[in-house]
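Asks: coords please:
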Amino acid sequence: QVQLVESGGGLVQPGGSLRLSCGASGFTFDSYAMRWYRQAPGKERELVATIYSNGRITNYADSVKGRFTISRDNAKNTLYLQMNSLKPEATAIYYCTAFRLSTNYWGQGTQVTVSS
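Replies: Predicted coordinates:
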């Protein structure tokens, strides 16, 4: 059974940091590229960051470049998103996804709220 379980969300003040984690099971983690998406209330889902299977290639949305870092530990089947200098507009549910060819798995999401 495929599972992606996000954790690490919460309430943080503007300018603060959070690290999200996504634990994976039920599939060959190191064969899949991974992504973080987010969806804010009333807005479309946004692709935040991508990391390919070997961990050496990453891509970021312009809105988070230089502040967010995606990484993975294939030995632990875990994906991370380090978020620094958080802004209120980062408030959203954050989802991790695994994709390979036509297969795409999604987690249930973790809420991030940036507010003073």
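Asks: and Glu6, helix, strand or coil?
Replies: Classification of Glu6 using DSSP: H, G, I helix; E, B strand; the rest coil returns strand.
Asks: how close does it sit to Val114?
Replies: For Glu6, the distance to Val114 (Cβ to Cβ, to the nearest Å) stands at 17 Å. Heads up, the C-betas are built off the backbone N, CA and C, glycines and all.
Asks: for these two, indicate the residue with more neighbours.
Replies: Each of Glu6 and Val114 had its neighbours counted (other Cβ atoms under 10 Å), and the higher figure belongs to Glu6 (23 against 19).
Asks: for that one, which non-adjacent residue is spatially closest?
Replies: Counting by Cβ to Cβ, 6 or more residues apart in numbering, Thr110 is the residue found nearest to Glu6 once chain neighbours are left out, at 4.0 Å.
Asks: which residues does that neighbour contact?
Replies: Taking Cβ atoms under 8 Å, 6 or more residues apart in numbering as the definition of contact, the neighbours of Thr110 are 6-9, 20, 93-94.
Asks: TSV please, covering these and showing pLDDT and distance to Pro41.
Replies: What follows is the contacts of Thr110, written out as TSV (pLDDT from 0 to 100; distance: Cβ to Cβ, whole Å):
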residue	pLDDT	distance to Pro41
Glu6	98	18
Ser7	97	21
Gly8	97	20
Gly9	97	15
Leu20	98	19
Ile93	98	9
Tyr94	98	13
